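Participant: requesting a structural model of the entry that follows:
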Amino acid sequence: MSCVFDAIRFSGYKSFLPDEEIEISKLEYVSLFFGKNNCGKSSVLDVIGAACQSDYYSTLSIKPMLMQLGYR
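Facilitator: Here you go, the predicted model:
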(Lines give C-alpha, C1' and ligand atoms only; values in the text may rest on other atoms or scores of the structure.)
Protein backbone atom coordinates (compact mmCIF):
# COMPACT_ATOMS: atom_id res chain seq x y z
CA MET A 1 0.00 0.00 0.00
CA SER A 2 1.53 3.29 -1.06
CA CYS A 3 0.01 6.63 -0.06
CA VAL A 4 1.16 10.12 -0.98
CA PHE A 5 -0.39 12.10 1.87
CA ASP A 6 1.42 13.13 5.04
CA ALA A 7 -1.52 14.12 7.27
CA ILE A 8 -5.09 13.05 7.84
CA ARG A 9 -8.02 14.65 9.66
CA PHE A 10 -11.23 12.82 10.43
CA SER A 11 -14.26 12.81 12.71
CA GLY A 12 -17.39 10.82 13.39
CA TYR A 13 -15.95 7.34 13.05
CA LYS A 14 -16.80 4.67 15.63
CA SER A 15 -15.75 6.00 19.06
CA PHE A 16 -14.69 9.41 17.67
CA LEU A 17 -17.50 11.94 17.97
CA PRO A 18 -18.81 13.91 14.96
CA ASP A 19 -17.83 17.24 16.54
CA GLU A 20 -14.35 15.97 17.53
CA GLU A 21 -11.81 16.40 14.72
CA ILE A 22 -8.79 14.14 15.00
CA GLU A 23 -5.69 15.25 13.12
CA ILE A 24 -2.60 13.13 12.65
CA SER A 25 0.20 15.04 10.98
CA LYS A 26 3.67 14.05 9.88
CA LEU A 27 2.48 10.64 8.68
CA GLU A 28 5.42 9.07 7.00
CA TYR A 29 6.45 5.53 7.84
CA VAL A 30 4.31 4.58 10.81
CA SER A 31 5.17 1.25 12.33
CA LEU A 32 3.65 1.46 15.81
CA PHE A 33 0.45 2.70 17.43
CA PHE A 34 0.13 2.15 21.13
CA GLY A 35 -2.41 3.03 23.78
CA LYS A 36 -4.94 1.61 26.19
CA ASN A 37 -7.48 -0.96 25.11
CA ASN A 38 -10.54 0.51 23.41
CA CYS A 39 -8.99 3.93 22.78
CA GLY A 40 -9.39 3.89 18.96
CA LYS A 41 -6.09 2.54 17.59
CA SER A 42 -7.81 0.18 15.15
CA SER A 43 -10.25 2.91 14.13
CA VAL A 44 -7.34 5.20 13.19
CA LEU A 45 -5.83 2.39 11.11
CA ASP A 46 -9.23 1.84 9.42
CA VAL A 47 -9.38 5.51 8.40
CA ILE A 48 -5.81 5.46 7.08
CA GLY A 49 -6.56 2.25 5.16
CA ALA A 50 -9.74 3.76 3.72
CA ALA A 51 -7.80 6.83 2.60
CA CYS A 52 -5.23 4.66 0.84
CA GLN A 53 -7.57 2.22 -0.88
CA SER A 54 -11.07 2.98 -2.11
CA ASP A 55 -11.90 -0.75 -2.06
CA TYR A 56 -11.14 -0.81 1.67
CA TYR A 57 -13.34 2.25 2.22
CA SER A 58 -16.29 0.49 0.61
CA THR A 59 -15.96 -2.42 3.08
CA LEU A 60 -16.39 -0.18 6.14
CA SER A 61 -19.84 -0.66 7.62
CA ILE A 62 -19.64 2.79 9.26
CA LYS A 63 -18.10 5.62 7.23
CA PRO A 64 -16.20 8.58 8.75
CA MET A 65 -18.27 11.79 8.65
CA LEU A 66 -15.19 13.81 7.71
CA MET A 67 -11.98 12.64 6.08
CA GLN A 68 -9.46 15.16 4.76
CA LEU A 69 -5.97 14.39 3.53
CA GLY A 70 -2.91 16.64 3.53
CA TYR A 71 -0.77 16.11 0.47
CA ARG A 72 2.96 16.63 0.15
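
Participant: now tell me what touches the longest helix along the chain from outside.
Facilitator: The longest helix of the chain (DSSP state H) is helix 41-52. Applying CB atoms under 8 Å, 6 or more residues apart in numbering, the external contacts of helix 41-52 come out as 1-3, 5, 8, 10, 13-16, 22, 24, 27, 30, 33-35, 56-57, 60, 64, 67, 69. Backbone N, C-alpha and C define where each C-beta goes, glycine included.

Participant: quick one, strands of this protein?
Facilitator: 5-11, 22-24, 66-71 (DSSP state E).

Participant: report the buried residues of the shortest one.
Facilitator: What it means is strand 22-24. 22, 24 (16 or more other CB atoms under 10 Å).

Participant: direction included, what does that strand pair up with?
Facilitator: strand 5-11 (antiparallel) (DSSP bridges).
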